[in-house]
Every structure is written in C-alpha cells, then in structure tokens.
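Peer 1: Sequence plus the predicted model coming up.
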Amino acid sequence: MKNSADLKQLTDQPFKLLLEMERRARSAVADSPQQSGEDTELVGIGFRLGDEQFLVSREEVREVLTVPTGVARVPGAKRWLRGLANIRGQLLPLIDMSCFFGGGVAANSRHARVLSVNHRDVPAGLLVDEVLGFRRFPESQRNQETPKTVIRCERFLRGSFAQGDEIWPVLSLKSLVESDEFLNAADTTPKIS
C-alpha cells in the first residue's frame, strides 16, 4: 500500500511520476527470474517437411496461412518458386520448401500451410507440409550440434532440441532468406529446343 500512496503524492508532478514508474518497472524486470540465461526459452513453431519435423523461432514467422488459391506462376523462375500470391493486397512469393531443399515438389494436401517469413527486406511465404503448432524449449537444453536430416538443409540449422524420442532441428529463416541460393530464383539452365 505504501507504494501506491507514494505514487498518489506525485500526481501533481507528472514528470516525477513517470520517472518513478520507470524506476519501478526496471526494478521489477531486473528481479524477474526469467532474465537469467538458464531460464530463457525458445518459443517456436513446429512444422513438417516430408517425414521430418522442424522448429522455427516464433519471431521469424509473421503469420501462418492456408495455401492460397490463384497463385500466379513466374516465368523463368526455378521450380521451387511456386509463384506469387495476393495476400490482402500484398504480393507474396511462395517457396516450395521441399523442392528448394532438393526433394520433390510438395503435394497439395489439406494439411499444407504457408509460413509467412517475418523479414524486413525479403517477403516470402514458405510452403510446408503441415504446421504442428507452438513448441517451447528451455535454451539450456539446446544441442548445438547440427542433427542429420534427410532434407538437405544443414547449412540453415542452428542446433536442435529433444523432447522424449523426438528431435526438433531449429531452422533459421533469417539465414535461409538471406542466402544467395534463396535470393537467386531465376532459372538459368539452358533450354533444349
């Protein structure tokens, strides 16, 4: 009660009131147990490509979308660039993740989803076979070694987490969309006439 009484005394001094509120907020954050490195956690979105499951940081995904209809093909683009979709008035390139990583073209299924990448400069929608929802892992349990995967994506993996018998490789969407391979979607293979 003493704290609220102190704030009431400062109602006539708005600048001092704001300073005191900021001081208290900083004090509360500093005393929070989640600030220690051992207690932080990765909150990610689990998804499936083929028979493998992966995890991406929640901060790297703007939204999860159903696969849009009416995707416009891009002439001269690599096979993994499915085309452009109009999402609420914005053009979003759709990338078939399975095909990008050297697998076959992803089958259209009712479980397929698009992960809209949260990147300031590179808009992209990543087509995955299924979104498995949110997953939480303590950072202290991250395995820094890159796990072996069937899909050739090791260069974009940033360790993994284990949950029971399941391994969750962590895919870095930032390193993926900033890679030269991703940014070069033009098909330059010679055409046979």
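Peer 2: Thanks, I have it. As the structure is a computational prediction, the values presented were derived from the model and not from experiment. Numbering: from 1, shown residues only.
Peer 1: ok, now which ones touch the most centrally placed residue in the chain?
Peer 2: Nearest residue to the geometric centre of the chain (CA atoms, centre = their mean): E60, 3.1 Å. Neighbour list for E60: V117, N118, H119, S172, L173, K174 [criterion: CB atoms under 8 Å, 6 or more residues apart in numbering]. From N, CA and C alone the C-beta is placed, and that goes for glycine too.
Peer 1: go again using 7 Å as the cut-off
Peer 2: V117, N118, L173, K174 (CB atoms under 7 Å, 6 or more residues apart in numbering).
Peer 1: Please apply the same query to L7.
Peer 2: Contact analysis of L7 by CB under 7 Å, 6+ apart lists L17, E20.
Peer 1: Tell me the pLDDT of it.
Peer 2: At L7, the model reports a pLDDT of 73.
Peer 1: Which secondary structure element is home to it?
Peer 2: helix 2-9 (DSSP states H and E).
Peer 1: quick revisit: among the contacts of E60, which one lies nearest to A186?
Peer 2: When those are compared for distance to A186 (CB to CB), V117 wins out at 19.8 Å.
Peer 1: Quick check: the closest one touching M97?
Peer 2: No. Applying CB atoms under 7 Å, one finds V117 not in contact with M97, separated by 11.1 Å.
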